[in-house]
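Asker: okay, sequence plus prediction incoming.
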Amino acid sequence: MQTVTFKAGIEENNDKDANKRIEVYTSNDPVIVLPYFEPNFYDLLLANINMPHMNGFELCEKILAIDIKSKVCFMSSVAINSEALREAYPGLSLGCFIRKPVTMDYLVKRRQN
């Protein structure tokens, strides 16, 4: 349900600026996403930390193996211990964390940064 809300909210911003159209692709299962992921196609991947079959960090590792330039933001409704995560995933860039709840305006701006 949350992915539908994010998709609708982000795409709604297309009406405000026709020159910066945003297409949103969603899935609640990272195993479904991986076979369809294309290098140099997506501006931003929003990955929930807790997902079925693999967590957001595992998904990010697999995505970066396909496209090292992918920009990934992790989302969570709980506090994140960045230091512990860096120890667990030393090769992963963990620069972007979004704490839920989050506004659509904030998500759109993260895409542009």
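Answerer: Thanks, I have it. Remember, it's a predicted structure, so these values are computed and weren't measured experimentally.

Asker: bridged to the residue most central in space within the chain, which residues?
Answerer: Centroid-nearest residue in the chain: residue 46, 1.0 Å away (criterion: C-alpha atoms, centre = their mean). When assigned by DSSP bridges, residue 46 has beta-bridge partners residue 73.

Asker: measure it to residue 87 for me?
Answerer: From residue 46 across to residue 87, the span is 24 Å (C-beta to C-beta, to the nearest Å). (C-beta placed from N, C-alpha, C; glycine too.)

Asker: ok, residue 42 next?
Answerer: 28 Å.

Asker: and for residue 54?
Answerer: 19 Å.

Asker: these two - which one has more neighbours?
Answerer: When neighbours are counted by other C-beta atoms under 10 Å, residue 54 and residue 87 differ, and residue 54 comes out ahead with 16 against 9.

Asker: and the strands in this protein?
Answerer: Ranges of strands in the chain, per DSSP state E, are 45-48, 72-76, 97-99.

Asker: okay, those strands in a markdown table with mean pLDDT and distance to residue 5 next?
Answerer: Formatted as a markdown table, those follow (pLDDT from 0 to 100; distance: least, C-beta to C-beta, whole Å):
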| stretch | mean pLDDT | distance to residue 5 |
| --- | --- | --- |
| strand 45-48 | 86 | 12 |
| strand 72-76 | 83 | 12 |
| strand 97-99 | 78 | 14 |
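
Asker: so which of the ones you listed comes closest to residue 8?
Answerer: strand 45-48 (14.1 Å; C-beta to C-beta).
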